[in-house]
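1. With the input below, show me the fold.
(one chain, ligands or ions: 1)
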Amino acid sequence: MKVFLRGVILEWMEIHGPARPTVTAVAAPEPATLVNDGELSLTFIGAGSAFSKKYYQNNLLIVKGQDHLLVDCGTRTPEALAALGLSVTNIKNYLITHTHADHIGGLEEVMLLNRYFARQKAAIVVTPRLRDILWSWSLRGGAAYNEVHEGRPLTFEDFWDPIFPRRVRGADRELAVARVGNIELALFRTKHIPDTALSWRDSFPSYGLVIDRRILFTSDSRYDPELVLAMDAAYPLEAIFHDCQLFPGGVHAYLEELAALPPAIKAKTRLMHYGDKVEEFHARIAELGFAGLAEEWRTYRFPVAMAH
Ligand SMILES: [Zn+2]
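-> Numbering: from 1, shown residues only. Modelled structure (predicted):
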């Protein structure tokens, strides 16, 4: 397989030179598929903010060859997946970045449909600390007492097969790595809530991702240029997907704060997790030099790369 991949890349380099492969964006196929030819593809199941009524919520489906992973599953995600021809029971691997409802509100439906109808457990990438918060503070009330199982209420592991990322020691900030099939993930802490937190250290657990060492996906973060620049220096990033708020204050990066990022960073950054008024900001986003918006039901395709 590696020989085959190298063959493809060498051929590509001969024709086009050693420039980095570029992203192409296409409409998501309908019904959406969970396999592809081996490229890395990212489909936004939604790209809106927590309260958006126009763009669903910011959740991402990653597909690479035979492997797939849904990053976050918000309140409206089961509905958005259904509109793409998928049921939550089709999704075999989940990853949770933090416990706001636009990222986890669909999980009760996933758990109940999987346990009582599909009779399967999905895998979930989650750090041990986030697993405890997710279960004890968010999911348990709707899930633990639906049955008495072996003389006890149900536990998180009765519904899920957790994949715990492995901590990377010596990184600048909390960093952990995991794999889902051949999809490589690095999870790092973000500075999301509360808005008074001075750094990721005193913020409530919230994670962003580097996908296959190629893509930075912030999930939810306040403006944190140190993070973006450090990740861009550490990984050969081809694209950045950054959450974006259209007004100042609050717990997400504000558009005019992101404007201060270096032009080369902005040129490969698509903005996501935006509010319903985003259409009024299209001209400003282009003027600032961003690559544009991440759009729901759009698939961003990254060609097969040489093995790292
Ligand atoms: Zn959030």
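
2. Tell me the residues of the stretch 151-300 of the chain that contact the ion?
-> By the rule CB under 5 Å from the ion, the part of the stretch 151-300 of the chain lying against the ion is Asp220. (Each C-beta comes from the backbone N, C-alpha and C, glycine too.)

3. Tell me where the stretch 151-300 of the chain has helices.
-> With DSSP state H, counting those that start in this stretch as the criterion, the stretch 151-300 of the chain has helices at 156-159, 225-234, 255-258, 263-266, 282-287.

4. can you tell which of the ones you listed is closest to Glu39?
-> Closest of the helices of the stretch 151-300 of the chain to Glu39 is helix 225-234, at 22.0 Å (criterion: CB to CB).

5. Can you list the buried residues in that closest one?
-> Buried residues in helix 225-234, counted by 16 or more other CB atoms under 10 Å: 227-228, 231-232, 234.

6. just checking, what packs against it?
-> On a contact count with 3 or more CB pairs under 8 Å, 6 or more residues apart in numbering; DSSP states H and E, helix 225-234 meets strand 215-217, strand 239-243, helix 263-266.

7. quick one: strands adjacent to the first one?
-> Spelled out, it's strand 215-217. Sheet pairing of strand 215-217 (DSSP bridges) gives strand 207-211 (antiparallel), strand 239-243 (parallel).

8. what is the rounded mean pLDDT of the last one?
-> In this model, strand 239-243 has an average pLDDT of 97.

9. tell me the angle of it relative to helix 225-234?
-> 160 degrees (axes from the mean of the first three to the mean of the last three CA atoms, to 10 degrees).

10. All further residue positions should be reported with the first residue as 502.
-> Sounds good: first residue 502 from here, last item strand 740-744.

11. any idea how far strand 740-744 is from the chain center?
-> With CA atoms, centre = their mean, to the nearest Å as the basis, strand 740-744 stands 10 Å off its chain's centre.

12. any weak-confidence spans in the protein?
-> Applying pLDDT under 70 to the chain flags residues 502-522, 807-809.

13. With distance to Pro706 as new columns, can the helices of the stretch 652-801 of the chain be given to me in JSON lines?
-> What follows is these, written out as JSON lines (distance: least, CB to CB, whole Å):
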{"stretch": "helix 657-660", "distance to Pro706": "16"}
{"stretch": "helix 726-735", "distance to Pro706": "15"}
{"stretch": "helix 756-759", "distance to Pro706": "23"}
{"stretch": "helix 764-767", "distance to Pro706": "26"}
{"stretch": "helix 783-788", "distance to Pro706": "30"}
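
14. Wait, a strand at Leu543?
-> Yes: under DSSP: H, G, I helix; E, B strand; the rest coil, Leu543 falls within a strand.

15. any idea how far the ion is from it?
-> Here the criterion is CB to the ion, to the nearest Å. By it, Leu543 lies 19 Å from the ion.

16. Quick check: that residue vs Val524, distance?
-> 9 Å (CB to CB, to the nearest Å).

17. what bridges to the residue nearest the centre of the chain?
-> Geometric centre of the chain, nearest residue: Val572, 4.2 Å, by CA atoms, centre = their mean. On the basis of DSSP bridges, Val572 is bridged to Leu561, Leu596.

18. Surely it touches Leu596?
-> Yes: contact criterion CB atoms under 8 Å: Val572 and Leu596 qualify, at 4.9 Å.

19. So for those two, which residues contact both of them?
-> Residues touching both Val572 and Leu596 (CB atoms under 8 Å, 6 or more residues apart in numbering): Leu710.

20. coming back round to it: now do the shared contacts for Leu543 and Val524.
-> The contact sets of Leu543 and Val524 overlap at 801, 803 (CB under 8 Å, 6+ apart).

21. So between those two, which is more surrounded?
-> Leu543 (24 against 19; other CB atoms under 10 Å).

22. What separation do you get for the residue lying closest to the more buried one once chain neighbours are set aside and Ser704?
-> Leaving out its chain neighbours, the residue that sits closest to Leu543 by CB to CB, 6 or more residues apart in numbering is Tyr801, at 4.5 Å. Per CB to CB, Tyr801 is found 28 Å from Ser704.

23. Can you point out the buried residues in stretch 663-671?
-> 664, 666.

24. for stretch 757-773, same thing?
-> Quick answer for stretch 757-773 (16+ other CB under 10 Å): 758-759, 762, 766-767, 769-773.

25. Can you tell me which of these is closest to Asn615?
-> The closest of the buried residues of stretch 757-773 to Asn615 turns out to be Met773 (CB to CB; 27.3 Å).

26. for the closest one, what are its contacts?
-> 545, 548, 559, 742-745, 794-795.

27. follow-up on the earlier one: who does the residue nearest to Leu543 bridge with?
-> When assigned by DSSP bridges, Tyr801 has beta-bridge partners Ala526, Leu543.

28. Do I have it right that it meets Ala795?
-> Yes: between Tyr801 and Ala795 there is a contact under CB under 8 Å: 7.5 Å.
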